[in-house]
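J.: could you work out the structure for the sequence below:
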Amino acid sequence: MTLHIAYCMLTKGVNDKVFTFKKVLITLIICHKARFTFSYSEDAIMMRKNNRNPFQAMALMSAIVSQLVGSILIGIFAGRWLDHQWGTEPIFLIIGLLIGLASGTYAMLVSIRHFFSGDK
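T.: As a prediction, the model looks like this:
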């Protein structure tokens with residue numbers, strides 16, 4: 001917003017370095033009457049070029065988080081259960097954590113590959 005105000009001020013002839021509230025307000029009114037449109041950020045332009053919706057990106061992020069957290073928690077609880085059953089305290093907990101982390105990372109990579117392949 002500030003860059004757009006400065007751009008409008010420079011293009012409309014307000015050359016003072018001191019921006020008072022009155023000058024900014026007048027410049028906004030002039031820019032509005034001249035029907036300047038505010039541009040999108042580069043991320044929004046890239047999303048539109050790729051026909052990606054921001055909700056699709058949020059869905060990808062939530063899928064990544066749920067896959068990582070879910071698989072790690074399943075590995076930890078399975079390892080704790082095996083440790084409790086066999087009396088080996090930290091061994092299966094660590095093995096379950098590592099297996100959960102590996103499976104979560106693999107599921108995350110598959111989801112990202114599916115998201116960027118264009119399949120819907």
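
J.: which residues sit in contact with residue 79?
T.: 92-97 (Cβ atoms under 8 Å, 6 or more residues apart in numbering). No exception for glycine: its C-beta is placed from N, CA and C like everyone else's.

J.: what's the helix or strand for it?
T.: Using DSSP states H and E, residue 79 sits in helix 54-86.

J.: show me what the next helix or strand after that helix is packed up against.
T.: Using DSSP H and E, the helix or strand that follows helix 54-86 in sequence is helix 91-117. For helix 91-117, the packing partners by 3 or more Cβ pairs under 8 Å, 6 or more residues apart in numbering; DSSP states H and E come out as helix 54-86.

J.: tilt between the helix it packs on and helix 91-117?
T.: Per axes from the mean of the first three to the mean of the last three Cα atoms, to 10 degrees, the angle that helix 54-86 makes with helix 91-117 is 160 degrees.

J.: what's the mean pLDDT across helix 54-86?
T.: Taken as a whole, helix 54-86 has a mean pLDDT of 94.
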